[in-house]
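# Sequence and computational prediction follow.
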Amino acid sequence: MGRIVIVAYKPKPGKEQALKELSKTHVSRLKNEGLVTYREPVIAETADGTIIEVFEWLSDEAIQNAHTNPAVLQMWSEYAAVCDYVPLNTLAESSNMFAEFTPVD
């Protein structure tokens, strides 16, 4: 059974565009490793520039396998160079009944 996740990436100073570009390749790279479903991801931006991504892992096992997959570990190091992961509840929009974000195309 798939696992829908929502993740927030806060760009490091000067890394905003690099983060957006990396986010656009994230799910396709996970697909190449057989770790996610074919559900299209949603990528959006908060008012402060944090990038939000919603995607679907293939299973709990796929999530665990990602932690030992060399291609995924390499990609995660690329993310570490351009952003920090932040909890959703730290986003200003999370306090709204209907949190709104700007699409990233």
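That came through fine.

# Check which helix or strand the residue lying closest to residue 26 once chain neighbours are set aside maps to.
Nearest residue to residue 26 in three dimensions, chain neighbours excluded: residue 53, at 6.7 Å (CB to CB, 6 or more residues apart in numbering). For glycine as for every other residue, the C-beta is placed from the backbone atoms N, C-alpha and C. Secondary-structure assignment from DSSP states H and E places residue 53 in strand 51-57.

# Next: residue 64.
helix 60-66.

# Would you indicate which residues of that helix are buried?
Within helix 60-66, the residues that count as buried by 16 or more other CB atoms under 10 Å are 62, 65-66.

# picking up where we left off before, pLDDT at the residue nearest to residue 26, what is it?
As predicted, residue 53 sits at a pLDDT of 98.

# Identify the residues contacting the spatially most central residue of the chain.
Residue closest to the average C-alpha location in the chain (CA atoms, centre = their mean): residue 53, at 4.2 Å. For residue 53, the contact set (CB atoms under 8 Å, 6 or more residues apart in numbering) comprises 6-7, 9, 23, 26, 41-44.

# Done for today, thanks.
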